[in-house]
Every structure is written in structure tokens, then in C-alpha cells.
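got a predicted structure plus its sequence, pasted below:
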Amino acid sequence: MDIYVKMCIYYNGATYVGMAQGYWQEAGGHKFDNFDVQARVEEFGSTKSRKTSDETAEINGRTADSFQVRTEWLSGQENGFTADGKITYNINDDGKGDMVWNLADSPAV
């Protein structure tokens, strides 16, 4: 199975939108007991907003597909913001429980 994720952020003049965008291939079946994707908007490393989406049913139910998790932060400040995130996953029958994959920050805007 292959999973690809990137963090993106943009500013629309009033709101920062942080996104975790990803896709998977060669999935399907019951590969995960848990697969939660979290996106955060951070200002100079401090979390301003976050959203977590449970993608377990989707990744187990489809061989290939994509996801996008978005979170927003209203701010008049115009720099120092990044998108950050993590994936909390539990591989079926590996005996390790929940594991965390911390995603690389987006470039700052």
C-alpha cells in the first residue's frame, strides 16, 4: 500500500486555510483499525485551528482514492502561518496499537 500526503496553506485576504491533501493506492480490505487525518493552522508554531477526519472506512473500503482535510483561521495578520498535521493510524493485527505519523509543515505564508 502507498499513501502520499502533503500540507498546503493559503490566505484568501481574511482567512488562512490549512489542508492535508493525500491519496492512497493498493488499499482495500481491512488494513487499518484506525486512520485519522488531522490538519492544523499554526502561527509561528502555535496551533490556531485544527480538524481531524476519520478516514478508516474510506481507506479500508477502496483500493485507491484521495482525501482532503481543511481547517480555517480568521486573522488580520499576514505572515508566519503554516499548515501542519499528523496521521494517527493502527494497522490491523500488527499488535502495536495507534501510531503517529507527523507530517511536514507547509512553507510559511
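Looks like it came in fine.

show me the helices in this structure, by range?
Remark: helices assigned in the chain by DSSP state H are 56-61.

how about low-confidence regions in it?
For the chain, no stretch has pLDDT under 70.

can you rerun that using 90?
1-2, 12-14, 26-29, 75-79 (pLDDT under 90).

and for it, the residue most distant from the center?
G76 (24.6 Å; Cα atoms, centre = their mean).

leaving out chain neighbours, which residue sits closest to that residue?
Excluding the flanking residues, the one nearest G76 by Cβ to Cβ, 6 or more residues apart in numbering is A14, at 7.6 Å. For the C-beta atoms, the positions are set from N, CA and C on the backbone; glycine is no exception.

torsion angles phi and psi at that neighbour?
When read as degrees, to the nearest 10, the backbone of A14 gives phi -150, psi -30.

contact partners for it?
74-76 (Cβ atoms under 8 Å, 6 or more residues apart in numbering).

give me the number of residues near the closest residue in space to D98 that isn't next to it in sequence?
Using Cβ to Cβ, 6+ apart and skipping residues adjacent in sequence, the residue nearest D98 is N90, 4.9 Å away. If you count neighbours by other Cβ atoms under 10 Å, N90 ends up with 16.
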